[in-house]
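model this:
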Amino acid sequence: MRVTTAEFLQNYGTLAEMASTEPVTIIENGRDRLVVVSAEEYQRLSRRDRRVIRPDELTDEQIALIATAEVPAEHAHLDAELTDWRA
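Sure thing, here's the model as predicted:
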């Protein structure tokens, strides 16, 4: 769901309740500004950011999958971001 800042302020109670089950995006000046999510969803996302896997924890199957992985065509433009990554 997407709402303006004014709509969010006017309907805070209802929209805060909705955010407990689905993200509510707040638009300011025509652009996405904030996303309100439940505390549970925020905690889930925060835990995911901190998950670390050491290379020696990967199985041979996972290593083979990584080695043969290909970037989908719709994401090929992201290769440009790696152009001077060592600089």
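
who does the helix-or-strand element of the chain with minimal mean pLDDT touch, helix- and strand-wise?
Between all helices and strands in the chain, the lowest mean by mean pLDDT, DSSP states H and E belongs to helix 39-49, at a mean of 84. Here helix 39-49 touches no other helix or strand, going by 3 or more CB pairs under 8 Å, 6 or more residues apart in numbering; DSSP states H and E. The C-beta positions use only the backbone N, C-alpha and C, and glycine is treated the same way.

any residues touching that helix, and which ones?
P23, V37 (CB atoms under 8 Å, 6 or more residues apart in numbering).

state the mean pLDDT of the helix or strand just after that helix.
Toward the C-terminal end, the helix or strand that comes next after helix 39-49 (DSSP states H and E) is helix 60-68. For helix 60-68, mean pLDDT rounds to 94.

sorry, back to before: in the least confident helix or strand of the chain, what counts as buried?
E41 (16 or more other CB atoms under 10 Å).

just how off-centre is it within its chain?
Once both centres are worked out by CA atoms, centre = their mean, to the nearest Å, helix 39-49 turns out to sit 11 Å from its chain's centre.

how about stretch 17-27?
15 Å.

again with stretch 67-84
18 Å.

how about low-confidence regions in this protein?
48-50, 85-87 (pLDDT under 70).

how about 80 then?
47-52, 82-87 (pLDDT under 80).

report the central residue of it.
L45 (8.1 Å; CA atoms, centre = their mean).
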